[in-house]
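Enquirer: Below are the sequence and a predicted model; questions follow.
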Amino acid sequence: MAARIQVGGSRRSSGKWIWILLISIIIILVSGIFYYYNSLKNSADMKADAVSYLVTYEMPQKTELYFIRVKNNSRKIFIVKSSDNIFYSDKGLSIDSLKPEEALTNFEQMFDITPSTIKYHFVLKSESIREVDSLLKGRGNSIDDFFDTLKTRNAGIMDILVSNNFVNEIRKFGNTNLSFNGAFALLQAFSKYSITSYDKLVIKTLLSKPVEINLPELKKKMKRNYVDKTVIESLKTILE
């Protein structure tokens, strides 16, 4: 009589090992994601005393600047709103959206605040801000809506993905040095820190229109919005 061979147990055994392998892979992936998330939360951008950002908001008729000061040591954020091409004559400092690195430095000098070792700048365009806001799960279509979305959203592990998508979208608009770590730190800070917004921090100019200055030696003319010194002194007390 021929011997009967049992194969059922072997199949069940192989199926068991496949499930063990899949579960092991999932555990490794999840552990890796959480490890990466924690490393981001302990990055230089999150640990620096302060990080400065400059947002250039371009509209059809004008450009506005938003100087964001994130203070990790005191868990505070300050957002200063300014017109483009302002000039602070007391210190000879100009703020020009076409020179964002210089503008960031000059903002810090204007308010006599300690220079941050990490500075970022990026552009937002009014016609495309809806797409940027939607990446943050917002439905706005203005710079005010964008900041409201940043303030009200909940930060979490999904910010790994959101930060990557945010940076990729920002890079479409041109001049920026915003990194993945910088975007992640910005999202985390807005979700968890106290915020003093630009409804209280607006740089006002002395005149409603810029002054046109003729520079014959350079054969050109330039426009300047002169800053009100008393406003700067008042803002200094808030910005610490």
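Expert: Noted; the coordinates are in hand.
Enquirer: all helices of this structure, in order?
Expert: For the chain, the helices defined by DSSP state H occupy 8-41, 44-47, 100-110, 129-135, 143-152, 159-170, 180-192, 229-239.
Enquirer: would CSV of these with mean neighbour count and mean pLDDT be doable?
Expert: From N, CA and C alone the C-beta is placed, and that goes for glycine too. Converted to CSV, the helices of the chain look like this (neighbours: other C-beta atoms under 10 Å; pLDDT from 0 to 100):
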stretch, mean neighbour count, mean pLDDT
helix 8-41, 10, 73
helix 44-47, 16, 94
helix 100-110, 19, 96
helix 129-135, 17, 94
helix 143-152, 17, 96
helix 159-170, 17, 94
helix 180-192, 20, 95
helix 229-239, 14, 91
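Enquirer: who wins for proximity to Ser82 among the ones you listed?
Expert: Go through those one by one with C-beta to C-beta and the one that ends up closest to Ser82 is helix 100-110, at 8.1 Å.
Enquirer: List of residues touching stretch 137-147?
Expert: Taking C-beta atoms under 8 Å, 6 or more residues apart in numbering as the criterion, the residues outside stretch 137-147 that touch it are 55, 57, 64, 66, 79, 124, 126, 129-130, 132-133, 136, 148-149, 153, 197.
Enquirer: what two of those residues have the greatest distance between them?
Expert: Going by C-beta to C-beta, the two entries of these that are most distant from one another are Glu64 and Arg153, at 22.3 Å.
Enquirer: Need the helices of the chain in JSON lines (columns: distance to Asn214).
Expert: Converted to JSON lines, these look like this (distance: least, C-beta to C-beta, whole Å):
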{"stretch": "helix 8-41", "distance to Asn214": "51"}
{"stretch": "helix 44-47", "distance to Asn214": "44"}
{"stretch": "helix 100-110", "distance to Asn214": "23"}
{"stretch": "helix 129-135", "distance to Asn214": "37"}
{"stretch": "helix 143-152", "distance to Asn214": "34"}
{"stretch": "helix 159-170", "distance to Asn214": "38"}
{"stretch": "helix 180-192", "distance to Asn214": "40"}
{"stretch": "helix 229-239", "distance to Asn214": "24"}
